[in-house]
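In: Make a model of this:
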Amino acid sequence: MNKLRHIITVVLCAITITSIAQTPNKSVKFDEIIHDFGTIDETAGKVSHRFRFTNVGSEPVVMLYARAGCGCVHADIPKQPIQPGKTGIVTVTFDPNYRPGHFSKEIALVSDGKKFNRIWVKGDVKPGKHPIKENFRYEFGHGLYMNFKRMVFGTIKEGEEKTMKLKFANDYQITMQLTFEIEKPDPDFTVVIPTGHILHPEGDGMMPITVRVNKAFTGERTVNLIPIANGYRLSPLPIVVQSRQ
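Out: This is a model prediction of the structure:
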């Protein structure tokens, strides 16, 4: 869903810029139109660059707004008109957080008279280490974090099965052996769990959890999975596996 929203935003921005500003503003001359940040660290914070331009025309230049197809880019434009022969600054800021890899971002600058200019920032983001709590929402105690506390498998017909991925992480500085115990198994459907997993300090992992329906039933059924970390039974916080027919 987030990826779809991002695509829609890019398309809408492109349509808006195309429909409003179709003539390049030749009065605006940038010292550079592309800035390469080089290699930056993902978790080191935002980076900025100041693009300097000169009004080489005979009339004041009023910049109205800046548009970028990504929320990771922000541009600050001059608030006052730039008089002929004078210079102005557009400051572009890029947020690398959760955006590892190469990037190249265009910023469209729309000025009075429905004119535009384009500048770019680019670079490479070196992946950084994020706190475990940012990627795993649910805390189960003893340093164990997971991405689910309720696994909803939806409708499964008799004789069929479905699999979901349960992801987890160890926020302690000691190695964790993780297993699961099924609380009150339901004979109508079987929950298949791998035997166990070793998590190193600040490490993460994944287990496929499979639900197989053995017999038709009416309504909704749930089974609790009790996580056991290094022998500690975390019974107050089960993972609920849910299916229905």
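
In: Strand partners (parallel or antiparallel) of the helix or strand encompassing Val121?
Out: Assigned by DSSP states H and E, Val121 falls within strand 115-126. When pairing is defined by DSSP bridges, strand 115-126 lines up against strand 23-24 (parallel), strand 34-41 (parallel), strand 101-111 (antiparallel).

In: From the geometric centre of the protein, which residue sits farthest away?
Out: Ser58 (45.4 Å; C-alpha atoms, centre = their mean).

In: Ignoring the adjacent residues along the chain, who's closest to it?
Out: Of all residues beyond its chain neighbours, the one nearest Ser58 is Pro84 (5.6 Å), with distances taken as C-beta to C-beta, 6 or more residues apart in numbering. Every C-beta, even on glycine, is put in place using the N, C-alpha and C of the backbone.

In: Can you give me the neighbour number for that neighbour?
Out: Residues lying near Pro84 (other C-beta atoms under 10 Å) number 13.

In: And Ile34, by the same measure?
Out: The number of residues packed near Ile34 is 13, by other C-beta under 10 Å.

In: does the residue farthest from the centre of the chain count as helix, strand or coil?
Out: coil (DSSP: H, G, I helix; E, B strand; the rest coil).

In: What helix or strand is the most centrally placed residue in the chain located in?
Out: Closest residue to the average C-alpha location of the chain: Tyr98 at 5.8 Å, with C-alpha atoms, centre = their mean. Tyr98 belongs to no helix or strand when elements are defined using DSSP H and E.

In: residues in contact with it?
Out: Glu42, His130 (C-beta atoms under 8 Å, 6 or more residues apart in numbering).

In: if I look at it, how far off is Gly69?
Out: 17 Å (C-beta to C-beta, to the nearest Å).

In: do Gly101 as well
Out: In terms of C-beta to C-beta, Gly101 sits 17 Å off from Gly69.

In: Pro81 reaches Pro60, doesn't it?
Out: Yes. When contacts are counted by C-beta atoms under 8 Å, Pro81 is listed as touching Pro60 (3.9 Å).
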